[in-house]
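**Student:** give me a model of this one.
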Amino acid sequence: MLQQTLADVLKSFQKLKVLVIGDVMLDAYVYGDVDRISPEAPVPILNVKSRDQRLGGAANVALNIQSLGAIPILCSVIGKDQSGNEFLDLMKSSGLSIEGIISSTSRQTTRKNRIISEGHHLLRIDEEVDLSLNEENQMQLKRCILKVMYDCDVIILEDYDKGCLDQTLISQIIETAQRIKIPVAVDPKKRNFLHFKGASLFKPNLKELNEGLKIQINPVKQNTIYKAIVLLDKQLGCVNYLITLSEYGVFASKGREFVNHPAHIRSIADVSGAGDTVISIAALGLALDLPLAVWSGLANLGGGIVCEYPGVIPIDSNQLLEEAASDPKFESFFKH
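**Tutor:** Numbers count the residues shown, from 1 in each chain. Now for the predicted structure:
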C-alpha cells in the first residue's frame, strides 16, 4: 500500500507544469591525472583525460523537474557567446524548451570550470558577470514570464546572485502569482535574501540563513532554528520555510507546525546541485498540496541521493521512489 501511495504521488507530478525563473549557468568539468609539479611554479600539472559539460543553476532545477516527470518552463537570460551556444545545445539535447531563454549581447553566460583529479577538485575557474540585467533585458524577461506563468501550477525562483532576479521583478512575480493563486517556491541567495516577501516557500541553507539574518545558528539545536524562522517570518511573511542543514538534514515549518528530518547516512561524492533537487521536489509537493512532512521528507531524501554522484546531476525519480518506499518514516505519513 505504501509503495502504491508513494507511486501515486510521483505519478501526480506528471500532471504539473513548472515555471523556473533565475540564473542559469554552464557547469564544465576537466578531468585528468596529476603526477608531477610544474617546474615553472609550485603548482600541479594536470594531464587532461576527458571533459564534460552540464546544465547548471536554474537549468539544473529544470532538469530535476523534468526527471521527476513534470514539465519545466525555464526563463532566463544568457550571453550571445560561445558558452551561450553550448548552453542552448545542451538544453536542446536534454529535451528542454529554449523558448524562455533570452540571448543578450550585453551579458556573459556564466560558466564554472571545475578541474578534477582522482575525484578531488583542484581548482574552479568562474567566467561570469553578476550585474543586474539592463532595462531592455529586464523587459524581455518580464514579457517572457507573463506569457507563460498563467498556465503553470507552481513557480520556482532560483537565485544565484548573478543578476537575473532583482527586487522589482521578484515583487511583480510574487504579487501576480498571489492574485492568480499559484504557489511560489524560492531558493534565495544573499543579495535578494529579504526581497521575497509573501512567497509560498522560502528555502535557504544554513549559511544563507546566517548571512541573511546576520546571526549564528547552531544546527543541532532545533529551538534556535525555530527562533530564526520566527525572526525571518516577521520580515518575509512566507507560508512555508525549509532550512537545509547539510549533514544535519532539513528543518521545515508552516505556522506552528514544524518537522525535522535527519540526513540519511550516505557516501558523499559531491554536494553540488543538491539544493536544486530539494527545491524541485518541495515545489512539486506544494503544487499538489501535500502535507508538510511529506514534501519536506521527500525533498530531504532527494537532496541526499544526488550527493552520492559526482558533478551536478538531476534526481532519479525511480531511486527516489525506491528509497522512500523502503524508509519506515514514510509509512506514518500515509496512515489515515
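**Student:** okay, residue 166 and residue 57: tell me how far apart.
**Tutor:** Here residue 166 is placed at a distance of 16 Å from residue 57 (CB to CB, to the nearest Å). (C-beta placed from N, C-alpha, C; glycine too.)
**Student:** which of these two has more neighbours?
**Tutor:** residue 57 (26 against 15; other CB atoms under 10 Å).
**Student:** which residues touch that one?
**Tutor:** 22-25, 110, 158, 160, 162, 276 (CB atoms under 8 Å, 6 or more residues apart in numbering).
**Student:** which of those sits closest to residue 216?
**Tutor:** Looking at those and their distance to residue 216, the nearest is residue 160, at 23.8 Å (CB to CB).
**Student:** enumerate every residue touching the closest one.
**Tutor:** So residue 160 contacts 22-23, 25, 57-58, 110, 189 (CB under 8 Å, 6+ apart).
**Student:** ignoring the adjacent residues along the chain, who's closest to it?
**Tutor:** The shortest distance from residue 160 to any non-neighbouring residue, by CB to CB, 6 or more residues apart in numbering, is to residue 23 (3.8 Å).
**Student:** give the contact list for the one you found.
**Tutor:** So residue 23 contacts 57-58, 76, 110, 158-165 (CB under 8 Å, 6+ apart).
**Student:** which of the residues you listed are buried? Put it as a ChimeraX command.
**Tutor:** In ChimeraX, this line selects whichever of the contacts of residue 23 come out buried by 16 or more other CB atoms under 10 Å:
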select :57,58,76,110,158,159,160,162,163,164,165
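**Student:** any chance of the contacts of residue 23 in CSV, with distance to residue 205 and pLDDT too?
**Tutor:** Below are those laid out as CSV (distance: CB to CB, whole Å; pLDDT from 0 to 100):
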residue, distance to residue 205, pLDDT
57, 15, 95
58, 16, 97
76, 21, 98
110, 20, 98
158, 13, 98
159, 13, 97
160, 13, 95
161, 14, 96
162, 17, 96
163, 21, 96
164, 19, 97
165, 17, 97
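**Student:** how about the contacts of residue 23 in TSV, adding secondary structure and distance to residue 137?
**Tutor:** What follows is the contacts of residue 23, written out as TSV (DSSP: H, G, I helix; E, B strand; the rest coil; distance: CB to CB, whole Å):
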residue	secondary structure	distance to residue 137
57	strand	17
58	helix	15
76	strand	10
110	coil	14
158	strand	17
159	coil	16
160	coil	16
161	coil	17
162	coil	12
163	coil	9
164	coil	9
165	coil	12
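**Student:** and the contacts of residue 23 as a markdown table, adding distance to residue 142?
**Tutor:** Putting those into a markdown table (distance: CB to CB, whole Å) gives the following:
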| residue | distance to residue 142 |
| --- | --- |
| 57 | 19 |
| 58 | 16 |
| 76 | 12 |
| 110 | 20 |
| 158 | 17 |
| 159 | 16 |
| 160 | 19 |
| 161 | 19 |
| 162 | 17 |
| 163 | 14 |
| 164 | 11 |
| 165 | 11 |
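**Student:** which one of the contacts of residue 23 is nearest to residue 40?
**Tutor:** Distances from residue 40 to the contacts of residue 23, taken by CB to CB, are shortest for residue 110, at 30.0 Å.
**Student:** residues in contact with the closest one?
**Tutor:** 23-26, 56-57, 78, 83, 126-129, 160, 162.
**Student:** residue 51 contacts residue 31, correct?
**Tutor:** Yes. Residue 51 is in contact with residue 31 according to CB atoms under 8 Å; the separation is 7.2 Å.
**Student:** where's the residue lying closest to residue 320 once chain neighbours are set aside, which helix or strand?
**Tutor:** Spatial nearest neighbour of residue 320, excluding adjacent residues (CB to CB, 6+ apart): residue 302 at 5.3 Å. Taking DSSP states H and E as the criterion, residue 302 maps to helix 292-306.
**Student:** quick check: mean pLDDT of that helix?
**Tutor:** For helix 292-306, the mean pLDDT works out to 92.
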